[in-house]
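*Asks:* sequence and predicted structure, then a few things I'm wondering about:
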Amino acid sequence: MNDPCELGKFSDEKPNHNIIKFIGFKSKMYSMVLENKINEVFELHHKGKGIPTSQMQNINYENYEDVLLNSNKHKVEYYKIHSKNMKYI
């Protein structure tokens, strides 16, 4: 890999980690357990498109695994202020 910015090439976002477990439902909706190659500590990395960071702290790998294996649904409730046609709703 000479140029990771070239179209069709991938870059390693976590070069010092090995992926131990991975569950991915769709783009930007995944969870993985990583092992740090340097100090052999396990870390959790997950993404949830449309879910605020404050709520992602309450979600872990086991939640993703539960949805995949048992078809259970997990709902996240939160409040936000946003505008529609320049009017706050």
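*Replies:* The structure has been received and is ready for your questions. Note that the coordinates shown come from a computational prediction; the quantities given were computed from them, not determined experimentally.
*Asks:* any weak-confidence spans in this protein?
*Replies:* Scanning the chain for pLDDT under 70 picks out 1-4, 87-89.
*Asks:* who are the packing partners of the helix or strand that residue 23 is a member of?
*Replies:* Per DSSP states H and E, residue 23 falls inside strand 17-26. In terms of contacts (3 or more CB pairs under 8 Å, 6 or more residues apart in numbering; DSSP states H and E), strand 17-26 is packed against strand 29-36, helix 61-70. No exception for glycine: its C-beta is placed from N, CA and C like everyone else's.
*Asks:* just want the angle from it to helix 61-70.
*Replies:* Between the axes of strand 17-26 and helix 61-70, defined by axes from the mean of the first three to the mean of the last three CA atoms, to 10 degrees, the angle is 50 degrees.
*Asks:* so residue 49 is in contact with residue 29, correct?
*Replies:* Yes - in this structure, residue 49 is within contact of residue 29 by CB atoms under 8 Å, at 5.6 Å.
*Asks:* pull out the buried positions in stretch 31-40.
*Replies:* 31, 32, 33, 34 (16 or more other CB atoms under 10 Å).
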